[in-house]
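A.B. asks: Quick one, structure for this:
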Amino acid sequence: MSRTERAAGGRTGRRRGASPTDLEDLRRVAFGAAYRMLGSVTEAEDVAQDAMLRVAPAGTVDVAVVNPAAYTTTVATRIALDVLRSARVRRESYVGEWVPEPLVGDVVAAGSAGREAAAHAELADDLSTAFLVLLETLTPAERAAFLLHDVFGYPHRESAQVIGTTELAARQLASRARRRVAARREAEHASGPPPARDDPHAAELVRRFIAATEEGDVDALVALLADDVALTGDGGGNVPAGFAVSRPVSGNVAVARLLSGFARRGAPARLEPTSVNGGPGMIAYADASVGGGVIGTYALRVENGRITRIDGVINPDKLRHLAPLADLEAVAAEIRAAGRRRRAPRAPGGPPLP
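C.D. replies: Residues are numbered from 1 along each chain as shown. Model prediction:
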């Protein structure tokens, strides 16, 4: 066991081999650490699998490890850091806006083992889409130092051992990352304080938002959106033309008009409310007429009773963990067909003329 492993797991005690339930808890710990580092479900799953092979190669944790959760976090973070460093060039050349792969449903399952119920809201905040987008602006080393110290509570000395640097450098990395994250958050909330983690009216707001979107009601959408709302779409260059916005759209009128096209264009799809990365959101499904499947997910941020941010993911490569996926070409073909039907001349009081 290395010096870092001793720091994370300790040798001053003995522990029985982990039970299957304990190992599943540790796998969630590994996934949670890796997902925060990478913003990718598929990569985090790969890291978690690799980490568990190292943490419990024979199906049990080394009896010399006193704190298996800390040890697992250390191992997963180190592996994820290597993945992030190797993927940096690929991320810098990413087509369009980058949004993390969505976690749909109960994100507590992706958190640390043994977290108390009172910490679940904090956990969800650590996994929020907006938070992960902020982390993407950091270098891999800054991201690791910040997460290890500010999120996982590691002393800088132990963070340094994971990152492969000195304690002073780890402290400086975390401080620089903290300032950058704080500056971005202050800029985003210049008009007021950050939103509460649990808005009691969010579920009703999402329901009304879905209804207005599916009805193409621009006025109703404007009333639900903050004046400076921003919508970002991540298609990764992997979707048919017209499916993803090429750059963020800002302003309640502009966003409302864009969203109203969902109904106006006759998209064969429906929206359903769900939790996305621990916060309010929705998921778009294609209708059965075009084969069904997931089209995309949308994370919503709610402040003061209005939606202030929408982050959509429709890049199929980022949604494979939510399979089955929709056939976007079939959806696009039906939208085009619906457009031709709308434009076709009609006999008075009758169907389109042949």
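
A.B. asks: where in the stretch 251-354 of the chain is pLDDT low?
C.D. replies: 346-354 (pLDDT under 70).

A.B. asks: can you rerun that using 80?
C.D. replies: The model of the stretch 251-354 of the chain has pLDDT under 80 over residues 342-354.

A.B. asks: now the helices: where do they sit in the protein?
C.D. replies: 3-9, 20-38, 41-55, 68-92, 120-126, 129-135, 140-146, 156-163, 167-188, 202-215, 218-224, 252-264, 328-343 (DSSP state H).

A.B. asks: quick one: the longest one to chain centroid distance?
C.D. replies: Right, the one you point to is helix 68-92. Here the centre of helix 68-92 is set off from its chain's centre by 17 Å, with CA atoms, centre = their mean, to the nearest Å.

A.B. asks: That one packs against which elements?
C.D. replies: Contact analysis of helix 68-92 by 3 or more CB pairs under 8 Å, 6 or more residues apart in numbering; DSSP states H and E lists helix 3-9, helix 20-38, helix 41-55, helix 140-146, helix 156-163 as its packing neighbours. In short, each C-beta sits where N, CA and C put it, glycine included.

A.B. asks: looking at those helices, which is closest to residue 236?
C.D. replies: Closest approach to residue 236 among these is made by helix 41-55 (13.2 Å; CB to CB).

A.B. asks: list the helices and strands the closest one packs on?
C.D. replies: Using 3+ CB pairs under 8 Å, 6+ apart, helix 41-55 is in contact with helix 20-38, helix 68-92.

A.B. asks: which one of those helices is the most hemmed in?
C.D. replies: Comparing those by mean neighbour count (mean count of other CB atoms under 10 Å), helix 20-38 comes out on top with a mean of 23.

A.B. asks: Mean confidence (pLDDT) on that one, please.
C.D. replies: For helix 20-38, mean pLDDT rounds to 88.

A.B. asks: quick check: angle from it to helix 41-55?
C.D. replies: Calculated by axes from the mean of the first three to the mean of the last three CA atoms, to 10 degrees, helix 20-38 forms an angle of 130 degrees with helix 41-55.

A.B. asks: hang on, the earlier thing: any chance of the helices and strands packed on helix 41-55 in JSON lines, with distance to residue 154 too?
C.D. replies: Output for the helices and strands packed on helix 41-55, formatted as JSON lines (distance: least, CB to CB, whole Å):
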{"stretch": "helix 20-38", "distance to residue 154": "11"}
{"stretch": "helix 68-92", "distance to residue 154": "8"}
